[in-house]
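Asks: Provide a 3D model corresponding to the input given below.
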Amino acid sequence: MSAGSVHEFQQSLARLDTASTVVSPDEFETELKDIIETPAVGAALPFDDLSLSELPVQLEPSPAQLREAVTGVTGARMSIASLGTVAVESRSQGDEFVALYPEFHVVVVRESDIRATLSDAFTWLRAEFEAGRQSLILATGPSSTGDMGALVQGVHGPEQVHIVIIRDNESQ
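Replies: The predicted model follows:
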């Protein structure tokens, strides 16, 4: 993925009042420690070389831990630069619950998993569906609703979102 797509993704996120940080794989744990507000819950990241195990994050949280958590940390194997959208999978590791219950959602995405447009994302989604992975949440910014008049954030999900973009090794 080009640096231009990362820049466009960050611009889209900024328009959505969503914070973002770009880090190398080596900076990942240190950066997350600074971002996470405890108590925190998480789902195992869908990346072989990145883990939450050394961070102050409860993996495989109980329902009580989900209710008490301030931060939820998940990974996303796809995002859309033009929209500031991430795709959170509904896996047995609990990604969906971790993403929606805490008031603060931290999403980890790789630079190479940023798709430029919705059309590019549909190509990825088609391959995922054909592989049998058919349950995803497409999330764009903090949860919000205007059903009752004024726009209110955090009604159906997190009030705040922070995206951590992991630079690809070849672009460091």
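Asks: rest of the way, CA atoms for contacts and neighbours
Replies: Will do.
Asks: Closest to the centroid, which residue in the protein?
Replies: Nearest to the geometric centre of the chain sits V107, at 2.3 Å (C-alpha atoms, centre = their mean).
Asks: show me the residues around that one that make contact.
Replies: Contacts for V107 (C-alpha atoms under 8 Å, 6 or more residues apart in numbering) come out as 73-76, 161-164.
Asks: how about 6 Å then?
Replies: Shown in contact with V107 (C-alpha atoms under 6 Å, 6 or more residues apart in numbering): 73-75, 163.
Asks: Each with direction, which strands does the helix or strand harbouring it pair with?
Replies: Taking DSSP states H and E as the definition, V107 sits inside strand 104-110. Here strand 104-110 is paired, per DSSP bridges, with strand 71-76 (parallel), strand 160-166 (parallel).
Asks: what does the helix or strand following it rub up against?
Replies: Once the chain leaves strand 104-110, the next helix or strand it forms, by DSSP H and E, is strand 114-115. Defining contact as C-alpha under 6 Å, 6+ apart, one finds that strand 114-115 is touched by 78-80, 121.
Asks: Can you tell me the number of residues neighbouring D48?
Replies: Residues lying near D48 (other C-alpha atoms under 10 Å) number 6.
Asks: Tally up the residues packed near the closest residue in space to K33 that isn't next to it in sequence, please.
Replies: For K33, ignoring the flanking residues on the chain, the nearest one in space by C-alpha to C-alpha, 6 or more residues apart in numbering is L55 at 6.5 Å. Counted by other C-alpha under 10 Å, the residues lying close to L55 total 15.
Asks: In terms of helices and strands, where is L55?
Replies: Here L55 is assigned to no helix or strand, by DSSP H and E.
Asks: Give me the below-cutoff pLDDT ranges for the chain.
Replies: Counting by pLDDT under 70, the chain has low-confidence residues at 1-4, 141-157, 170-172.
Asks: Okay, buried residues for stretch 15-24 please.
Replies: For stretch 15-24, a neighbour-count test (16 or more other C-alpha atoms under 10 Å) marks 16, 18-20, 22-24 as buried.
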